[in-house]
Structure formats: structure tokens, C-alpha cells
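[1] A structural model of the following input is requested.
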Amino acid sequence: PQGQLFIPYAKMILQQYQNAKQELQKFQQQELQLAGNLSIFSASIFSDLFLPGAVGTFMQFHPNVAIKIIEAHSSELLSYLFHGYCDLVLYSAGVPYIQSALKQNESEDIKVLSLIEDSMVLCARPDHPLMKYKSVDNTILEKYAQKSQLHYSLYQITPIVMPDLIYAQAVSMSSNADLHKTLMLEGLSVTYMPKLAYIHKFQKDGFACIPMTTAYPIAHCLLYRDNPNNENNILLKRFLEFTQKQFQQKFGTHTEK
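    Coordinates of the predicted model:
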């Protein structure tokens, strides 16, 4: 009797298994057929922390896809996207700046896929006088700069995220981590950077950091043109989904306050 009772459930289980198998086979065939070209411009700490690995994995699943990665200066990056020189942009910048740039462009098909929010920190040698504070603001920095001719450097981020105090005194704005490490080791500067940049690129070398309370929050995001008529639109959407999942697995989805 128990067997008779189980038979309809067994048939349902087998049918569901066959349906799932067919769907997976169909999906695999579609993935292999996916082809096209994508160009990614980047001005982000994730240009080397994340992007090469994610692109390499994606191309293993899609051997008929070609992806070009170009690292560009952050001040020019959005213009490249607005004028159609690339398909998507991996971007790290102040939230107000991104909002303002999109509003000025007045292009409704430019979309933003937020990956993670971040905060700005001040990084220096552990024995630097500023590292005695729990956090710093413009007032503290200004007083210290008047006494010591303090110089600042900006790492991997657009100037717009920093207070006006920083602009005139920045001695370096570069994506070269080694350059900033040298400047700090020689006592020539303190460096502003996103907290994730500090964690993944500077912390292991013994540098210290404290929160910068007057800096804007940072958005690490993907910007892209959502155009259904674009022949690469399906490929672009698939890459965006894949990238977001890969990013969440590696860095999480937390929001800095």
C-alpha cells in the first residue's frame, strides 16, 4: 500500500527532473551561442582588484565573446560613455557627483547598477601625528597643514569627492598604489582613498587609516547604456548580471555609513 501511495509522487519527481534537465541543456546551448564584443572603461579601485578575474571567468563560459578593458582617467570616463565610446563603465566616485553628471547629460538610457557603497579614509604611516585621532575633518587638517605644510594625495578617485581644501594642495592624483605608498613612507603626504582600497591594497603593508568625516560617500558602480536596439544588448545584460553576482561573492553588499 505504501508503494501504491508513493507512485504518483515518484512520477512527479521524475518528470520534474526531466524538465530541469531540458531547461539546463537549453540554457547551456544559449550560453555557448552567446557572442559579441564589449568594451569596458574603468577608473576604479576594482580595475585590478576584481575586473580581470571576473572578465576571465565570463569568457571561459562564453568563448565566442570578446571583451576589451581600458583604464581611463576618471574625469573623462563618463564622457566616453555618454558619447558611445564604450558599452559600460566601472566607476568609483562621490555619490553627488554621479547624480549631477547623469542629470546634466539628460540621457534617459544611461543606467546605474550599484555594486557597493564606501567611505573615504585618510591613510598614512602609523606613527603619523594625524593617526592619533579617531577621525578627521577639515578643521583638523587645516590646522595641521598650517603648521607642517602638509600635502595630500588622492588615490583612485575623482577630486569631486573631496572637500575644496584638498584640491589646491594635492601633490598627486594617481591610480599607482606604489607611488602613494612611497609618498607616505617618505612623510611627504597623507593619502585619501576609499576604505576598500585601504583594506585590499594598503593595510597589508602596515599603513593606518582613520575616517574622513567631511568627505562624500563613495559609490562603486557600473554605468551602462540600456539600448534594446543595440546588437550587444543581450550580451551586456548577461555580463551585468554575472558581474554583480561575482562582486557580491567577493566583496559583499554592505553599505558604509
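
[2] so what's the closest residue to Glu231 other than its chain neighbours bridging to?
    Residue nearest to Glu231 in three dimensions, not counting chain neighbours: Gly36, with 6.8 Å by Cβ to Cβ, 6 or more residues apart in numbering. C-beta: built from backbone N, CA, C; applies to glycine. Partner residues in beta bridges with Gly36, using DSSP bridges, are Val65.

[3] contacts only, for Gly36.
    With Cβ atoms under 8 Å, 6 or more residues apart in numbering as the criterion, the residues that contact Gly36 are Asn64, Val65, Ala66, Glu231, Asn232, Leu235.

[4] who wins for neighbours among those residues?
    Most neighbours among the contacts of Gly36, by other Cβ atoms under 10 Å: Leu235, with 21 neighbours.

[5] next one: the residue nearest to that one when sequence neighbours are not counted from Tyr216, what distance?
    The spatially closest residue to Leu235, leaving aside those adjacent along the chain, is Gly36, at 4.3 Å (Cβ to Cβ, 6+ apart). Gly36 is 36 Å from Tyr216, where distance means Cβ to Cβ, to the nearest Å.

[6] Ile116 too?
    Looking at Ile116 against Tyr216, where the rule is Cβ to Cβ, the gap reads 15 Å.

[7] backbone dihedrals for Gly187, please?
    phi 70, psi 20 (degrees, to the nearest 10).

[8] so it touches Arg125, yeah?
    Yes. When contacts are counted by Cβ atoms under 8 Å, Gly187 is listed as touching Arg125 (7.2 Å).

[9] which element is the residue most central in space within the chain on?
    For the chain, His220 is the residue whose C-alpha lies nearest the centre (Cα atoms, centre = their mean; 3.8 Å). Element membership of His220 [criterion: DSSP states H and E] is strand 218-225.

[10] partners of that strand, with directions?
    When sheet partners are counted by DSSP bridges, strand 218-225 sits next to strand 88-94 (antiparallel), strand 110-118 (antiparallel).

[11] flag every buried residue along the last one.
    By 16 or more other Cβ atoms under 10 Å, the buried positions in strand 110-118 come out as Ile110, Leu115, Ile116, Glu117, Asp118.

[12] I figured the second one hits Cys221, correct?
    Yes. Leu115 lies in contact with Cys221 (Cβ under 8 Å); the separation is 5.6 Å.

[13] hey, what's the residue nearest to the centre of the chain bridged with?
    Ser92, Ile116.

[14] confirm for me that it is in contact with Val89.
    No. Assessed by Cβ under 8 Å, His220 is found out of contact with Val89, at 11.5 Å.

[15] rewinding a little: distance to Phe41 and mean pLDDT added to the strands paired with strand 218-225, as a markdown table?
    What follows is these, written out as a markdown table (distance: least, Cβ to Cβ, whole Å; pLDDT from 0 to 100):
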| stretch | distance to Phe41 | mean pLDDT |
| --- | --- | --- |
| strand 88-94 | 5 | 88 |
| strand 110-118 | 14 | 90 |
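
[16] as CSV, those with distance to Ala43 would be great.
    Conversion of the strands paired with strand 218-225 to CSV gives the following (distance: least, Cβ to Cβ, whole Å):
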stretch, distance to Ala43
strand 88-94, 6
strand 110-118, 14
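
[17] among those, which is nearest Met12?
    The closest of those to Met12 is strand 110-118. By Cβ to Cβ, the value is 38.8 Å.

[18] quick one: the strands in the stretch 151-257 of the chain, in order.
    With DSSP state E, counting those that start in this stretch applied, the stretch 151-257 of the chain shows strands at 152-155, 170-174, 190-194, 208-211, 218-225, listed in chain order.
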